[in-house]
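Engineer: Sharing a model prediction with you, sequence too.
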Amino acid sequence: MSKPVILTGIRSNEEPTLGNYLGAFLPIVKMQQEFAGDYQINMFVPDLHSFTTPVDHSSLYQNTLNNLKYFIASGLNINDQDTFIYRQSYIPAHSELTWILDCFTYVGEMSRMTQFKDKSNEHSESVTVGLFNYPVLMAADILLYGAKYVPVGEDQFQHLEITRDIATRFNNKFGDIFTIPDATGDQTKFIKRDSGLRIRSLTDPTKKMSKSNEDPKSKILLSDTPDEAIKKIMSATTDSVGAVNFDWDNQPGITSLLQILAMITGRPRDEVNAQWQGNTMYGEFKKAVAEAVAGFLTDFQARLNAIDDDTLMNKLQASEAAMSEVANATLLKAQVAVGLRPKVN
Ligand code: TRP
């Protein structure tokens, strides 16, 4: 296995929205289409990370599988030989390496992690040691597979930096054990997140579409029926300008819909904007968006329902077996380095 490794952890989403599809699922699918062949792609569900803040444990196991199905319905090819899809907790080396790395990580540097600080404010009654330790488990996720490329969003840059710091410190002490992942700036070429992409709430287009917004009218869920989606889009908040323009400042509702229309239909944004620019019939415009989204949901849900559970399970088990070998070999090197296993001559 000599191809360079691109590694990506995919967060579990209980009720993914159209925004998650466009902003997260599609870019990962595109990455696979573009780079499999030249690279090995490790895609895993960080299920151990998923309860660093409270979750409903009765649905965790099934959510992990459902989450993967959303990616497959979005176009991820599970038959690709270069792509390994696995669950973190099925490869115990993640937990074991975390412990070893913990003992080479300082409380001081971990206390500076902004995500920890933000999340511990959000969940102030129940800040767990797991939440504090989150970045070290993430470092283990990366280092076990010698991944050089870890395309993450900006909110994870600091975690990638600490991974580099921990690995460098370990290597300085024990020799060349870990591959150091590339610096954050070099990772972005693998997942082309469109920095202009903004999918807005349908009820308040100054805010982003969020799965945690309690108002069902504010968001399109991938599980919405096409009719529900049509109703939500037809009643989406727009503006009183009276003509369609691509203008985030003054017409964020209309602009978000223009963007959805272009992305869902796969047409160039300029072309879609030009077609609707200046049109005064908001109803007609919304109807076009609503129909495109309804058509997309119909197809998406058909793909989702057609996914065969056994095929998914076979892929997971094969990937987990193959990746256990890689992970265990790295773990053993670290165990030997710190003196838990005899040196092999
Ligand atoms: N923390 C990442 C996120 O929230 C998910 C993740 C866990 C991850 N382990 C990883 C991403 C390792 C990349 C590499 O998105």
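Structural biologist: All right, it came through fine. Residues are numbered from 1 along each chain as shown.

Engineer: Pretty sure residue 224 sits in a strand.
Structural biologist: No - counting by DSSP: H, G, I helix; E, B strand; the rest coil, residue 224 is not part of a strand but coil.

Engineer: Give me the neighbour count for it.
Structural biologist: Other residues lying near residue 224 total 21 when counted by other C-beta atoms under 10 Å. To be clear about C-beta, it is placed using only N, CA and C from the backbone, and glycine gets the same treatment.

Engineer: Isn't it up against residue 232?
Structural biologist: Yes - applying C-beta atoms under 8 Å, one finds residue 224 in contact with residue 232, separated by 7.4 Å.

Engineer: State the number of residues packed around the residue of the stretch 1-150 of the chain at minimum distance from the ligand.
Structural biologist: The minimum distance from the stretch 1-150 of the chain to the ligand, using C-beta to the nearest ligand atom, falls at residue 9 (2.6 Å). Neighbour count for residue 9, taken as other C-beta under 10 Å: 17.

Engineer: Which pLDDT value belongs to it?
Structural biologist: We have a pLDDT of 92 for residue 9.

Engineer: excluding its backbone neighbours, what's nearest residue 159?
Structural biologist: Excluding its sequence neighbours, the residue lying closest to residue 159 (C-beta to C-beta, 6 or more residues apart in numbering) is residue 135, at 4.5 Å.

Engineer: Report the mean per-residue pLDDT for the longest helix along the chain.
Structural biologist: For the chain, the helix with the greatest residue count under DSSP state H is helix 309-338. Across helix 309-338, pLDDT averages out at 98.

Engineer: list the contacts for residue 157?
Structural biologist: residue 184 (C-beta atoms under 8 Å, 6 or more residues apart in numbering).

Engineer: and it, which of the three is it?
Structural biologist: On the basis of three-state DSSP, residue 157 is classed as helix.

Engineer: Residue 307 contacts residue 72, correct?
Structural biologist: Yes - between residue 307 and residue 72 a contact is recorded at 5.4 Å, counting by C-beta under 8 Å.

Engineer: These two: who's more crowded?
Structural biologist: Taking other C-beta under 10 Å, residue 307 and residue 72 do not tie; residue 72 has more neighbours (21 against 16).

Engineer: ok, the residue nearest to residue 335 when sequence neighbours are not counted - how many residues close by?
Structural biologist: What sits nearest to residue 335 in space, not counting adjacent residues and going by C-beta to C-beta, 6+ apart, is residue 341, at 4.4 Å. Residue 341 has 13 neighbouring residues, counting by other C-beta under 10 Å.

Engineer: Wait, residue 341 touches residue 332, no?
Structural biologist: Yes - contact criterion C-beta under 8 Å: residue 341 and residue 332 qualify, at 6.4 Å.

Engineer: Skipping adjacent residues, who's closest to residue 293 in space?
Structural biologist: Using C-beta to C-beta, 6+ apart and skipping the chain neighbours, the partner closest in space to residue 293 is residue 229 (5.0 Å).

Engineer: The one you found and residue 40: what is the separation?
Structural biologist: Per C-beta to C-beta, to the nearest Å, residue 229 is found 37 Å from residue 40.

Engineer: So for these two, which sits in the more crowded spot?
Structural biologist: residue 229 (25 against 22).

Engineer: How about the secondary structure of that one?
Structural biologist: Of the three states, residue 229 takes helix according to three-state DSSP.

Engineer: what sits against it?
Structural biologist: Residue 229 makes contact with 220, 290, 293-294, 297, according to C-beta under 8 Å, 6+ apart.

Engineer: quick check: domain ranges of this structure?
Structural biologist: By the record's domain assignment, the chain is partitioned as 5-192+309-338, 216-304 (automatic domain parsing).

Engineer: and the nearest residue to the residue of the stretch 1-150 of the chain closest to the ligand once chain neighbours are set aside, what is it in contact with?
Structural biologist: Nearest non-adjacent residue to residue 9, counting by C-beta to C-beta, 6+ apart: residue 46, 4.6 Å away. Applying C-beta under 8 Å, 6+ apart to residue 46 gives the contacts 9-12, 88, 137-138, 141.

Engineer: do you know how far residue 46 is from residue 162?
Structural biologist: From residue 46 over to residue 162 the distance is 16 Å, taken as C-beta to C-beta.

Engineer: repeat for residue 145
Structural biologist: 18 Å.

Engineer: Compare those two (neighbour count), which wins?
Structural biologist: residue 145 (23 against 19).
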